[in-house]
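Colleague: All I have is the shape, not the residue letters:
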């Protein structure tokens, strides 16, 4: 579907051209087709193709099997083949929703936006009782800059289908895009009242609360989503991020732990756990956690950068720290953080000239960051460049008048 955001988790069917197949429909079809749909949803495309061709061999005009073969072709990058299957599906069942809907999604995924818009408009006109095409049309119109028209379509969908979470959540997203936060909050709250065991309304509410600046309420909403769907790693991770931002490292660690348990392969929760341990001033545990991230994701720039900084700060294993910092720079040459970290590593290695050079480069990349000026002042002072150090420290203090370190350094430099 188009509404990949606020999905309750990674579902292979979300990548399909027609993921709206329902079990109650499949039960009336033959076992090979039901097995093929299961294979599609699990991403087992070879099995799916074999089973679908068995179905078509027995019944050549099987529109749903043709849609399934279109999904197989699409997953392999064979756009023309997918379109041919869809056209056969539409021809086999010209009055049915599923083939026409799959074709509309195909047009959208293929970048044929005008044609897709027209196809969704035709679906809404032909199938007034179907909520999904209305929701997708509303989202598409809003994404194209026709926010008012998109909102009107979504409100019409809600009026006809008042119990549709899909329509209400899409409206929340559209209202957020228009900065109508109070209305978005009201709609998200209403959605939570009819959510049942569906976590999506709480994810939507969390996004609204975050935009409103109420981090506590956003964290609580993510927690509700995670309680409804314990395997929903995104909810636990997002809650951990908010708690970490609020300085609640203990509960952030618990949330990141739940996210890791839900999906051990995801990098962000492991990275969040490492950052929480670093914020909690547990450097040894943080180093181990960053190393775990790099074991699974060796090109994670944040882990490379933060681990190099920790080692430099502790003046340990500095050769490896320098290698990690330089690797982070190669991976993210436009980011100032790895430059700053390399400067700190070189300082720890006794190369003050190199440290100053890298830190000056970081300052040029982000002149409004007080901590960079403070780092530069520290290195210049250690090089005996007191006048330059004082100017850098004064710049840091001007940027952050309450910065105790900057004030102390200015006083120390006279």
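Modeller: Sure, I can see it. Not measured: the values here are computed from a predicted model.

Colleague: Now do the strands in the chain.
Modeller: Using DSSP state E, no strands are found in the chain.

Colleague: Under the pLDDT cut-off, which ranges of it? List them.
Modeller: 1-29 (pLDDT under 70).

Colleague: quick one, domains of it?
Modeller: Domain ranges of the chain: 1-107, 298-366, 368-414, per automatic domain parsing.

Colleague: export these to CSV and tack on distance to residue 187?
Modeller: C-beta coordinates here come from the backbone N, C-alpha and C atoms, glycine included. What follows is those, written out as CSV (distance: least, CB to CB, whole Å):
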stretch, distance to residue 187
domain 1-107, 13
domain 298-366, 35
domain 368-414, 37
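
Colleague: which one of those lies closest to residue 221?
Modeller: domain 1-107 (12.0 Å; CB to CB).

Colleague: still on that earlier bit, of all the domains of the chain, which one is nearest residue 185?
Modeller: Per CB to CB, nearest to residue 185 of those: domain 1-107, 15.2 Å.

Colleague: ok, the nearest residue to residue 410 once chain neighbours are set aside - contacts?
Modeller: Excluding the flanking residues, the one nearest residue 410 by CB to CB, 6 or more residues apart in numbering is residue 393, at 4.7 Å. For residue 393, the contact set (CB atoms under 8 Å, 6 or more residues apart in numbering) comprises 373-374, 377, 406, 409-410, 413.

Colleague: How about the contacts made by residue 85?
Modeller: 66-67, 69-70, 73.

Colleague: May I see those organised as JSON lines, with distance to residue 112 and neighbour count added?
Modeller: Formatted as JSON lines, those follow (distance: CB to CB, whole Å; neighbours: other CB atoms under 10 Å):
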{"residue": "66", "distance to residue 112": "20", "neighbour count": "26"}
{"residue": "67", "distance to residue 112": "18", "neighbour count": "29"}
{"residue": "69", "distance to residue 112": "21", "neighbour count": "26"}
{"residue": "70", "distance to residue 112": "15", "neighbour count": "30"}
{"residue": "73", "distance to residue 112": "17", "neighbour count": "21"}
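
Colleague: So what's the residue count around the nearest residue to residue 147 once chain neighbours are set aside?
Modeller: Nearest residue to residue 147, sequence neighbours excluded (CB to CB, 6+ apart): residue 178, at 5.5 Å. Other residues near residue 178 number 14, with proximity taken as other CB atoms under 10 Å.

Colleague: Likewise for residue 247?
Modeller: 8.

Colleague: Take the contacts of residue 85 and lay them out in JSON lines including distance to residue 224.
Modeller: Converted to JSON lines, the contacts of residue 85 look like this (distance: CB to CB, whole Å):
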{"residue": "66", "distance to residue 224": "41"}
{"residue": "67", "distance to residue 224": "36"}
{"residue": "69", "distance to residue 224": "40"}
{"residue": "70", "distance to residue 224": "38"}
{"residue": "73", "distance to residue 224": "40"}
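
Colleague: Tell me the one of the residues you listed nearest residue 329?
Modeller: residue 73 (41.7 Å).

Colleague: how close does the closest one get to residue 37?
Modeller: Noted for residue 73: a distance of 16 Å to residue 37, by CB to CB, to the nearest Å.

Colleague: Check whether residue 209 really touches residue 223, as I assumed.
Modeller: No: using CB atoms under 8 Å, residue 209 is not in contact with residue 223, being 11.8 Å away.

Colleague: chain center to stretch 103-115, what's the gap?
Modeller: 23 Å (CA atoms, centre = their mean, to the nearest Å).

Colleague: Tell me the buried residues in it?
Modeller: 103-108 (16 or more other CB atoms under 10 Å).

Colleague: can you give me the helices in the stretch 201-350 of the chain?
Modeller: Secondary structure of the stretch 201-350 of the chain (DSSP state H, counting those that start in this stretch): helices located at 215-228, 233-245, 249-262, 267-279, 283-296, 301-314, 318-331, 337-348.

Colleague: got those helices as JSON lines, with distance to residue 86 and mean neighbour count columns?
Modeller: Output for the helices of the stretch 201-350 of the chain, formatted as JSON lines (distance: least, CB to CB, whole Å; neighbours: other CB atoms under 10 Å):
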{"stretch": "helix 215-228", "distance to residue 86": "35", "mean neighbour count": "21"}
{"stretch": "helix 233-245", "distance to residue 86": "31", "mean neighbour count": "25"}
{"stretch": "helix 249-262", "distance to residue 86": "35", "mean neighbour count": "20"}
{"stretch": "helix 267-279", "distance to residue 86": "36", "mean neighbour count": "23"}
{"stretch": "helix 283-296", "distance to residue 86": "38", "mean neighbour count": "17"}
{"stretch": "helix 301-314", "distance to residue 86": "41", "mean neighbour count": "23"}
{"stretch": "helix 318-331", "distance to residue 86": "40", "mean neighbour count": "19"}
{"stretch": "helix 337-348", "distance to residue 86": "47", "mean neighbour count": "25"}
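
Colleague: Which of those helices sits closest to residue 80?
Modeller: helix 233-245 (34.8 Å).

Colleague: So which of the buried residues of stretch 103-115 are in helices?
Modeller: Among these, DSSP state H puts 103-108 in helices.

Colleague: Quick check: of those, which lies closest to residue 193?
Modeller: Checking these one by one against residue 193 (CB to CB), the nearest turns out to be residue 105, at 30.4 Å.

Colleague: which of the domains of the chain sits most buried?
Modeller: Neighbour counts (mean count of other CB atoms under 10 Å) averaged over each of the domains of the chain peak at domain 298-366, with a mean of 20.

Colleague: Appreciated, that's everything.
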